[in-house]
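A.B. asks: Here is my input, please return the structure:
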Amino acid sequence: MSDIIFGKNPLIEAAESGVEIEKVFMLNTLRGETEVYFRQYCKNRNIPLAKVPEVKLNELARNKSHQGLVAIISPIRYFEIEDVLAQIFERGETPLIMVADSVSDVRNIGSLARSAHFFGAHAVVMTGNASGRINEEAVKASAGALLKIPVCRYASIFNLVSTLQSHGILVYAAAITKNSRPPDETDFTLPAAILLGAEDKGLNPKLFDLADGVVHIPAAASFDSLNVSVAGAVLMYEAQRQRKS
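C.D. replies: Numbers count the residues shown, from 1 in each chain. A predicted model of the protein is given here:
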């Protein structure tokens with residue numbers, strides 16, 4: 001695979017040269033300076049780090065010498081959310097941010113980015129170490145939107161919520177709860193971020209107390225819920241509708 005690099009020195013060279021790394025896989029028994037270096041490197045850049053057994057690394061590296069380290073190169077450039085927000089405010093625009101927490105299906109990631117770009121969102125933020133990797137399939141599902149809209153990474157969604165709110169962004173969690181409100185009763189005309197959770201579990205309930213509001217999409221029939229990418233499109237459309245009117 002052309003997007004795979006492995007071995008201590010090749011990974012260090014890639015890191016120091018500014019190559020965008022999507023995810024790092026590390027041998028779960030690796031210790032010493034190399035382990036500390038890459039653990040800190042991933043933490044500082046919000047790069048998902050997975051500690052895995054050797055059989056997984058052998059599979060990724062196709063049984064070549066990997067020295068306990070394999071990395072996947074990203075097809076896109078990642079941005080810092082603080083930099084993105086600063087640029088939005090400098091342009092005199094009202095931020096609209098889509099946040100996907102632990103969304104694992106690459107097709108859903110691509111579809112979310114496509115909807116975000118289509119409806120005028122300023123950025124997509126990926127949170128959670130369990131998030132799916134952005135690969136060529138995700139780019140294809142996004143119809144190229146992942147190459148056009150700023151994409152950011154943040155390890156902890158709780159820290160991200162705090163960061164967004166400190167910049168004056170209202171954070172809305174998408175979920176069906178006792179106090180959740182429909183989209184047309186939620187004010188998206190102010191600086192806003194919409195949080196969408198994983199396909200199977202949704203958002204962590206602890207976020208509902210931290211968020212500025214919880215929004216749900218009313219159903220016309222008795223049914224479980226919408227696919228996360230469809231829900232994201234509906235909420236992005238309502239945000240655009242409010243802002244245009």
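
A.B. asks: Correct me if wrong: residue 115 contacts residue 228.
C.D. replies: No - counting by Cβ atoms under 8 Å, residue 115 stays clear of residue 228, with 10.6 Å between them. In short, each C-beta sits where N, CA and C put it, glycine included.

A.B. asks: Which parts of this structure belong to which domain?
C.D. replies: For the chain, the structural domains run 4-73, 78-244, going by automatic domain parsing.

A.B. asks: okay, those domains in TSV with mean neighbour count next?
C.D. replies: Output for the domains of the chain, formatted as TSV (neighbours: other Cβ atoms under 10 Å):
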stretch	mean neighbour count
domain 4-73	16
domain 78-244	18
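
A.B. asks: Can you give the distance of the longest helix along the chain from its chain's centre?
C.D. replies: Ranked by residue count and defined by DSSP state H, the top helix of the chain is helix 228-244. With Cα atoms, centre = their mean, to the nearest Å as the basis, helix 228-244 stands 18 Å off its chain's centre.

A.B. asks: Please export the C-alpha coordinates of that helix as PDB.
C.D. replies: The C-alpha coordinates for helix 228-244 follow below in PDB (Å, rounded to 0.1, in the frame of the first residue of the first chain):
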ATOM      1  CA  VAL A 228     -25.600  10.000  11.000                       C
ATOM      2  CA  SER A 229     -24.800  11.400   7.600                       C
ATOM      3  CA  VAL A 230     -28.500  12.000   6.800                       C
ATOM      4  CA  ALA A 231     -29.000  13.600  10.200                       C
ATOM      5  CA  GLY A 232     -26.000  15.900   9.600                       C
ATOM      6  CA  ALA A 233     -27.400  17.000   6.200                       C
ATOM      7  CA  VAL A 234     -30.800  17.800   7.700                       C
ATOM      8  CA  LEU A 235     -29.300  19.900  10.500                       C
ATOM      9  CA  MET A 236     -26.900  21.700   8.100                       C
ATOM     10  CA  TYR A 237     -29.900  22.500   5.800                       C
ATOM     11  CA  GLU A 238     -31.800  24.000   8.700                       C
ATOM     12  CA  ALA A 239     -28.800  26.100   9.700                       C
ATOM     13  CA  GLN A 240     -28.400  27.400   6.200                       C
ATOM     14  CA  ARG A 241     -32.200  28.100   5.900                       C
ATOM     15  CA  GLN A 242     -32.200  30.200   9.100                       C
ATOM     16  CA  ARG A 243     -29.100  32.100   8.100                       C
ATOM     17  CA  LYS A 244     -30.500  32.900   4.600                       C
END
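
A.B. asks: For the domains of the chain, give me CSV that also has mean pLDDT.
C.D. replies: Formatted as CSV, the domains of the chain follow (pLDDT from 0 to 100):
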stretch, mean pLDDT
domain 4-73, 91
domain 78-244, 92
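
A.B. asks: And the helices in this structure?
C.D. replies: Going by DSSP H, the chain shows helices at 8-16, 33-44, 54-60, 81-90, 106-118, 136-141, 157-166, 206-210, 228-244.

A.B. asks: Relative to residue 184, which of the ones you listed is closest?
C.D. replies: For those, the distance to residue 184 is smallest for helix 228-244, at 6.5 Å, taking Cβ to Cβ.

A.B. asks: and the gap between the closest residue to residue 164 other than its chain neighbours and residue 68?
C.D. replies: Using Cβ to Cβ, 6 or more residues apart in numbering and skipping residues adjacent in sequence, the residue nearest residue 164 is residue 193, 5.1 Å away. Look at residue 193 and residue 68: by Cβ to Cβ, to the nearest Å, they are 37 Å apart.

A.B. asks: try residue 204
C.D. replies: For residue 204, the distance to residue 68 - Cβ to Cβ - is 32 Å.
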